[in-house]
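Chemist: kindly generate the corresponding structure for this input.
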Amino acid sequence: MAKKSSAQAFRFYDNRQKYLAFVNTCNEKSAVARRAALELQQLRPQPPSLNLFDAGMGDGTVLARILRYAHSLHPTVPVVAVAKEISLEDVRLGLEKMPERFSEHPATVLVITNLNYTDAPRLALPDPQAEINWVEVRLKGDSAHAYGEQIEDMAPTLATAWQTHPSEKTGNPVYKLPSILVMYREDHKFLLDGVIPQAGRLPKHYDLILASQPWRARMSAQFKASKVLAPLTRALAPGGRLLAIQSAGRDPALEIIQKLWPGENPFQVDRHELLAALRAELGSETKDFQLDAKPDDQSLFHYEMRTLPSEISDRIGTSTLFAAWNAAVYVNQIEDERLEPVVNSGAYLKATQTVLQKHGGLWFNDEAFVVARKIK
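Modeler: Next up is the predicted model:
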């Protein structure tokens, strides 16, 4: 019975094959980074550092772009970037993108942790006596090549620190060892000494927090508010901004799904309901924040599957159909056991081709909202 319960609780976003195919055929990462850049423009960082928190680093594409843009805005300001990620594969992929960041912006402190949403912003567990695997890496040299070589040499350390096992309660992966990786350039330790997180010295609150697709769509608004949004909101510095992004549906991808499962709509909890749940969760603290849901024209943005114009014609190639189908079921979070009948019948190819030809391609809607801490 326990095995069945775990399968039912399987978190769709942990399917590596579908995830990798999706991120390599669609441009959501760049669209999210562009949206986050608008929030970076609103910040007025205060000494001693600009503090960023990524509530789901993934493969590091978005974080690397945000750090790149932060450098363009504040080229001499120390940046402390804390990223939550439980997937060992994503930690490896994310770190591969960081050598150039340390090279261009030497005053960078990168922190990656597998702690949960409540504990990750504070880099601490509720029990102060609980043991945390704290790894500090001082990068030597002055080139991206040198930093990349040292990061590759960390593979055995990461393999130990980022081990997971399925939760007996939910089936979701949970860490075996609570771990925190702190990385910075050795030649900038003196300059960064006051902002480098250390065991027992918690980081201050954050200027920008990004929470992009941090939950399963079908979870309740109350769950999302209590387990994710509220802890992140409380971690904001005065003037800090939390940018939350989730899939919104009402797009050709959902149209494909509804041709096969009429009435299917995973996106029942919109930004208005989420903000209402967050207000209830914060209670009297709500007065310290701005929680406004903007209209659709300011909240919705879209991204698309990359295709050549010649690929969408009377006869669409099988590889394009497969890529579009994978992206549609990934974004709409359709479980594998529900896919088998429509895949075996071949109905999915016809549905996908019909929608692609109708719209001249495949695109998706995301919605964003911002929670800001007021400056007293």
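Chemist: next one: C26 relative to G317, how far apart?
Modeler: As defined by C-beta to C-beta, to the nearest Å, C26 lies at a distance of 17 Å from G317. C-beta coordinates here come from the backbone N, C-alpha and C atoms, glycine included.
Chemist: tell me which of these two has more neighbours.
Modeler: C26 (24 against 13; other C-beta atoms under 10 Å).
Chemist: was I right to think that one contacts Y303?
Modeler: Yes: using C-beta atoms under 8 Å, C26 is in contact with Y303, at 6.1 Å.
Chemist: report the set of residues contacting both of those two.
Modeler: F364 (C-beta atoms under 8 Å, 6 or more residues apart in numbering).
Chemist: look up phi and psi at the residue nearest the centre of the chain.
Modeler: With distances taken as C-alpha atoms, centre = their mean, G56 lies nearest the centre of the chain, 3.3 Å away. Backbone torsions for G56, taken as degrees, to the nearest 10, come to phi 170, psi 90.
Chemist: list the residues that contact it.
Modeler: By C-beta under 8 Å, 6+ apart, G56 lies in contact with K84, E85, A211, S212, Q213, P214.
Chemist: the first one and A144, how far apart?
Modeler: Right, K84. 25 Å.
Chemist: neighbour count winner among these two?
Modeler: Neighbour comparison, K84 and A144: the larger count goes to K84, with 22 against 15 (by other C-beta under 10 Å).
Chemist: wait, doesn't that one sit right on V111?
Modeler: No: taking contacts as C-beta under 8 Å, K84 lies outside contact range of V111: 9.6 Å.
Chemist: which strand residues bridge A81?
Modeler: L52, L110 (DSSP bridges).
Chemist: now do it against N265, distance only.
Modeler: 35 Å.
Chemist: out of these two, which sits in the more crowded spot?
Modeler: For the pair A81 and N265, the greater number of neighbours falls to A81 (26 against 14), based on other C-beta under 10 Å.
Chemist: my guess is M154 contacts V137, does it?
Modeler: Yes: with contact defined as C-beta under 8 Å, M154 counts as touching V137 (6.8 Å).
Chemist: mind listing the strands for this structure?
Modeler: Per DSSP state E, the chain carries strands over the ranges 50-54, 79-84, 108-113, 133-139, 164-166, 173-175, 179-185, 206-212, 236-247, 289-292, 300-304, 363-373.
Chemist: can you list the ones you listed in TSV and add distance to W325?
Modeler: Listed next are the strands of the chain as TSV, based on distance: least, C-beta to C-beta, whole Å:
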stretch	distance to W325
strand 50-54	29
strand 79-84	30
strand 108-113	33
strand 133-139	40
strand 164-166	28
strand 173-175	26
strand 179-185	36
strand 206-212	23
strand 236-247	17
strand 289-292	37
strand 300-304	15
strand 363-373	14
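Chemist: for S220, which of those strands is the nearest?
Modeler: Smallest distance to S220 across those (C-beta to C-beta): 13.5 Å, for strand 236-247.
Chemist: do a quick rundown of the helices in the stretch 101-250 of the chain.
Modeler: In the stretch 101-250 of the chain, the helices defined using DSSP state H, counting those that start in this stretch lie at 144-152, 155-161, 189-192, 221-224, 230-234.
Chemist: which one of those lies closest to L43?
Modeler: helix 230-234 (16.1 Å).
Chemist: can you tell me what sits against the closest one?
Modeler: Contact with helix 230-234 is made by 53, 55, 117-118, 121, 209, 211, 242, 278, 281-282, 285, 289, 371, 373, as judged by C-beta under 8 Å, 6+ apart.
Chemist: cool, and stretch 30-37?
Modeler: 61-62, 65-66, 69, 208, 210, 212, 243, 245, 301-303, 366, 368.
Chemist: most packed of the helices of the stretch 101-250 of the chain?
Modeler: For the helices of the stretch 101-250 of the chain, the largest average neighbour count (mean count of other C-beta atoms under 10 Å) is found in helix 230-234, namely a mean of 21.
Chemist: with only the CA atoms kept, save it in CSV.
Modeler: Coordinates of the C-alpha atoms in helix 230-234 are reproduced here as CSV (Å, rounded to 0.1, in the frame of the first residue of the first chain):
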residue,chain,number,x,y,z
ALA,A,230,4.5,32.8,3.2
PRO,A,231,8.0,31.6,4.1
LEU,A,232,9.5,33.4,1.1
THR,A,233,7.5,36.5,1.8
ARG,A,234,8.7,36.7,5.3
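Chemist: state the mean pLDDT of it.
Modeler: Mean per-residue pLDDT for helix 230-234: 98.
Chemist: try stretch 32-41
Modeler: Stretch 32-41 carries an average pLDDT of 98.
Chemist: can you check stretch 65-77 too?
Modeler: 98.
Chemist: and that stretch, what's buried?
Modeler: Buried residues in stretch 65-77, defined by neighbour count with 16 or more other C-beta atoms under 10 Å: R65, I66, L67, R68, Y69, A70, H71, H74.
Chemist: just give me the closest of the residues you listed to V228.
Modeler: Nearest to V228 among those is I66, at 19.1 Å by C-beta to C-beta.
Chemist: just give the nearest non-adjacent residue to the closest one, would you?
Modeler: In space, and not counting its chain neighbours, I66 is closest to A36: 5.4 Å by C-beta to C-beta, 6 or more residues apart in numbering.
Chemist: what about that neighbour, how many residues nearby?
Modeler: By other C-beta under 10 Å, neighbour count at A36 equals 24.
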